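J.: one predicted model, sequence on top.
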Amino acid sequence: MATFKKFEDIQAWQKAREVTKRVYALSNRGEFARDFSLRDQMKRASVSVMANIAEGHGRRSRLEFANFLSIARGSAIELQSHLYVALDMNYIGETEFTETYQMLDEVSRFGADR
């Protein structure tokens, strides 16, 4: 990918990394930490976003990169849905929900205009 020398230079990957750190921090506390299924699914989805952006970059073709961005976007949307469960179960507050949801919106927009 000509515009990015390293996947770490991709702003969406950087934001996905922030989301992943946040998901790990949120899900490792209180009752959330004991909901193994939701906690683990959210961690997997957040890591998937980062991994698919990086893997797509590594493929070095625009078509494959776009495909991996689409997969990453799917994982980001999945994670947004899981945030509703975490909110509904009172594992996270409204502010944590909104901030994390908006971060995922930013990640999801990457590549939409490419």
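T.: Nice, thanks for sending it over.
J.: give the rounded mean pLDDT of stretch 7-25.
T.: When pLDDT is averaged over stretch 7-25, the result is 96.
J.: next SSE downstream of the longest helix along the chain?
T.: Longest among the helix segments of the chain by residue count, using DSSP state H, is helix 62-88. Downstream of helix 62-88, the next assigned helix or strand under DSSP states H and E is helix 94-109.
J.: tell me how far that next one lies from the chain's centre.
T.: On the basis of CA atoms, centre = their mean, to the nearest Å, helix 94-109 is displaced by 9 Å from the centre of the chain it belongs to.
J.: just the CA coordinates of that helix, formatted as PDB?
T.: Output of helix 94-109 as PDB, limited to C-alpha atoms (Å, rounded to 0.1, in the frame of the first residue of the first chain):
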ATOM      1  CA  GLU A  94     -23.500   5.400  29.400                       C
ATOM      2  CA  THR A  95     -20.400   7.600  28.900                       C
ATOM      3  CA  GLU A  96     -18.200   4.500  28.400                       C
ATOM      4  CA  PHE A  97     -20.700   3.100  26.000                       C
ATOM      5  CA  THR A  98     -20.900   6.300  24.000                       C
ATOM      6  CA  GLU A  99     -17.200   7.000  23.800                       C
ATOM      7  CA  THR A 100     -16.300   3.500  22.800                       C
ATOM      8  CA  TYR A 101     -19.200   3.300  20.300                       C
ATOM      9  CA  GLN A 102     -18.000   6.600  18.700                       C
ATOM     10  CA  MET A 103     -14.400   5.300  18.500                       C
ATOM     11  CA  LEU A 104     -15.600   2.300  16.600                       C
ATOM     12  CA  ASP A 105     -17.500   4.600  14.300                       C
ATOM     13  CA  GLU A 106     -14.200   6.300  13.500                       C
ATOM     14  CA  VAL A 107     -12.600   2.900  12.800                       C
ATOM     15  CA  SER A 108     -15.500   1.800  10.600                       C
ATOM     16  CA  ARG A 109     -15.300   4.900   8.400                       C
END
